[in-house]
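A.B. asks: With the input below, show me the fold.
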Amino acid sequence: MPQKTVDEKGNYSWKPEKFELNPENAAFSAEGAVTMWIDVEQFKGKFTGDYQILSSDPEKWRMIITGPFNVSVATVIINGETANIFHEGVWDSGPWNEISKQLFNASVDGDLFSVMLGGRFRFEGECAEIGNGGKLCRKNGIYYKISQGKVAEIASGDLYIVSEKKKLFPAGKGRGRKNKTGTVNAVKKARRWIGVSRGKPAFIFENKYLDASAELPESLFEAPKSDEPDIFDEL
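C.D. replies: Numbering: from 1, shown residues only. Now for the predicted structure:
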């Protein structure tokens with residue numbers, strides 16, 4: 001596990017600051033690999049699969065988690081503080097804060113998702129210089145360590161998340177699928193984000209690519225009624 005370097009109790013010279021990262025990625029579709037240490041009694045343990053996450057604004061998210069052989073594991077629709085999750089053929093709803101703790105073993109909000117996936121991140125809070133051209137910023141009790149203009153580490157209560165570059169290997173001969181990292185708006189330098197909660201692994205996101213040109217209708221972020229099919233059923 002990566003070591004935490006953010007010291008929230010350090011003696012810093014805080015100054016008001018606001019900035020925006022990746023403003024061109026206001027709405028996006030992101031894909032990659034995900035590992036979760038799920039904290040739900042019937043599914044307790046480590047899970048490795050793939051994710052597709054769509055966002056039309058910082059409050060609206062749709063997450064599709066698939067397992068081996070592209071088997072659907074769960075679909076989560078987040079609207080602000082409310083979430084609807086589809087698993088085992090049933091839609092459940094509840095506070096996103098609680099559902100995220102079950103899925104990711106930690107509370108993960110929209111800002112953290114945006115940063116980890118490469119989407120737009122608007123910051124308005126306080127920052128302090130920490131040397132080597134880096135700075136530490138805080139907003140709503142969450143600390144962001146910024147290096148070379150990018151978020152390198154996040155600390156939020158018992159959770160800290162560390163970013164590291166992911167090694168990329170060239171595609172072998174005979175592979176039929178086109179390498180999506182070569183598409184427009186692709187993540188140029190793939191990264192992985194490792195979350196640690198209370199000293200134990202919580203999740204790992206490995207970014208593959210991000211598409212900021214995808215059309216995202218509002219219906220994607222609305223949970224279907226019990227008597228109507230989900231929009232993804234027909235895709």
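
A.B. asks: Where does pLDDT dip in the protein?
C.D. replies: 39-44, 166-189, 225-235 (pLDDT under 70).

A.B. asks: 80 instead, please
C.D. replies: Scanning the chain for pLDDT under 80 picks out 38-45, 69-70, 87-89, 166-190, 224-235.

A.B. asks: what residue lies at the spatial centre of it?
C.D. replies: residue 113 (3.1 Å; C-alpha atoms, centre = their mean).

A.B. asks: is it true that that residue touches residue 120?
C.D. replies: No: counting by C-beta atoms under 8 Å, residue 120 is not a contact partner of residue 113; they are 11.0 Å apart. For glycine as for every other residue, the C-beta is placed from the backbone atoms N, C-alpha and C.

A.B. asks: Now do the strands in the chain.
C.D. replies: Remark: strands assigned in the chain by DSSP state E are 15-21, 28-38, 45-57, 60-66, 72-79, 82-87, 90-95, 121-131, 134-139, 142-147, 150-156, 159-165, 191-197, 200-211.

A.B. asks: now the ones you listed as JSON lines including distance to residue 105 and mean neighbour count?
C.D. replies: Formatted as JSON lines, these follow (distance: least, C-beta to C-beta, whole Å; neighbours: other C-beta atoms under 10 Å):
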{"stretch": "strand 15-21", "distance to residue 105": "26", "mean neighbour count": "12"}
{"stretch": "strand 28-38", "distance to residue 105": "5", "mean neighbour count": "21"}
{"stretch": "strand 45-57", "distance to residue 105": "10", "mean neighbour count": "17"}
{"stretch": "strand 60-66", "distance to residue 105": "15", "mean neighbour count": "20"}
{"stretch": "strand 72-79", "distance to residue 105": "15", "mean neighbour count": "19"}
{"stretch": "strand 82-87", "distance to residue 105": "16", "mean neighbour count": "18"}
{"stretch": "strand 90-95", "distance to residue 105": "16", "mean neighbour count": "12"}
{"stretch": "strand 121-131", "distance to residue 105": "23", "mean neighbour count": "16"}
{"stretch": "strand 134-139", "distance to residue 105": "23", "mean neighbour count": "18"}
{"stretch": "strand 142-147", "distance to residue 105": "17", "mean neighbour count": "19"}
{"stretch": "strand 150-156", "distance to residue 105": "13", "mean neighbour count": "20"}
{"stretch": "strand 159-165", "distance to residue 105": "9", "mean neighbour count": "19"}
{"stretch": "strand 191-197", "distance to residue 105": "5", "mean neighbour count": "21"}
{"stretch": "strand 200-211", "distance to residue 105": "4", "mean neighbour count": "20"}
